[in-house]
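Peer 1: Model the structure of this input:
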Amino acid sequence: MNKEMEIWEKKQGIKSLGKIGIKPGQTILDFGARVGYYSIPAARIVGREGSVYALDKDSYSLNELKRKMIKQGLENIIIIKANGNLKIGLKNNSIDVVLLYDVLHLIDDREKLYKEVYKVLQDGGLFSVYPKHNKFDSPGWGLKNMTPKDIKNEIGNCGFYFEKEYCTSLSHNESINKGCVLNFRKT
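Peer 2: Residues are numbered from 1 along each chain as shown. Got it, this is the predicted structure:
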């Protein structure tokens, strides 16, 4: 891991995720966690009273996350190996915050995913989305023709209400860039 990402996980990521709304003691789901660039700072914020579920389908990435957890002494991250069918598999109404960062563009059936998130999220829970690769931010894959407004409407049509947009430092492909996160609440 490069030095920039080490600093991200220990400082910048904590600051950014705190600004977005993660608090001590919460239970977080990092959907599409990869090597933990969001799971690790989230785990530091929620502390021993909280927990982070790091869900991904890539075994290599999850093994790297596990290695980093051990090295950093983090015991509040629970790794979940997904099979790619969009089933989250956690108890209904059990999660305070769902992070869906830089993964939405890879999901074919986004409505199905939103329904899964809705089930696991507590009433009033935070659904935070970083819609990288939309029409205005490195367009690609499934979001290349969608604007952030289109994404807000799509998520809003699945029972969430838009709360606020936060623009901050975010992790993307082993580097840090400025990006905007869309925060929603479960109604």
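Peer 1: would you list every one of the strands in this structure?
Peer 2: 27-31, 51-56, 77-81, 95-101, 121-130, 160-172, 175-186 (DSSP state E).
Peer 1: Compare those and give me the one nearest F136.
Peer 2: strand 175-186 (9.5 Å; C-beta to C-beta). The way it works is simple: take the backbone N, C-alpha and C, and place the C-beta from them, glycine included.
Peer 1: And the pLDDT at K186?
Peer 2: Reading off the confidence values, K186 has pLDDT 96.
Peer 1: Count the neighbours of E111 for me.
Peer 2: Neighbourhood size, E111 [other C-beta atoms under 10 Å]: 12.
Peer 1: Per-residue pLDDT of it, please?
Peer 2: 95.
Peer 1: For the closest residue to F160 other than its chain neighbours, list each beta-bridge partner.
Peer 2: Nearest non-adjacent residue to F160, counting by C-beta to C-beta, 6 or more residues apart in numbering: F184, 3.9 Å away. Taking DSSP bridges as the rule, F184 bridges to F127, F162.
Peer 1: In contact with F184, which residues?
Peer 2: F184 is in contact with 126-129, 155-156, 160-163, counting by C-beta atoms under 8 Å, 6 or more residues apart in numbering.
Peer 1: Mind giving me the ChimeraX select for those, buried ones only?
Peer 2: Selection of buried members from the contacts of F184 for ChimeraX, criterion 16 or more other C-beta atoms under 10 Å:
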select :126,127,128,129,155,160,162
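Peer 1: which of the contacts of F184 lies closest to Y118?
Peer 2: Nearest to Y118, judged by C-beta to C-beta, of the contacts of F184 is F160 at 7.2 Å.
Peer 1: For that closest one, which residues are in contact?
Peer 2: So F160 contacts 114, 118, 127, 184-187 (C-beta under 8 Å, 6+ apart).
Peer 1: of the residues you listed, closest to E6?
Peer 2: Of the contacts of F160, the one sitting nearest to E6 (C-beta to C-beta) turns out to be F127, at 28.5 Å.
Peer 1: ok, the closest one - contacts?
Peer 2: Applying C-beta under 8 Å, 6+ apart, the residues near F127 are 97-98, 100, 117, 121, 155, 160, 183-186.
Peer 1: I'd like to know which of those residues are buried.
Peer 2: 97-98, 100, 117, 121, 155, 160, 183-186.
Peer 1: Rebuild those as a markdown table, extending it with distance to D108.
Peer 2: Output for those, formatted as a markdown table (distance: C-beta to C-beta, whole Å):
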| residue | distance to D108 |
| --- | --- |
| V97 | 24 |
| V98 | 19 |
| L100 | 15 |
| V117 | 16 |
| L121 | 21 |
| I155 | 16 |
| F160 | 20 |
| N183 | 24 |
| F184 | 21 |
| R185 | 26 |
| K186 | 23 |
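Peer 1: for the chain, which helix is longest?
Peer 2: Within the chain, and with DSSP state H defining each element, the longest helix by residue count is helix 59-72.
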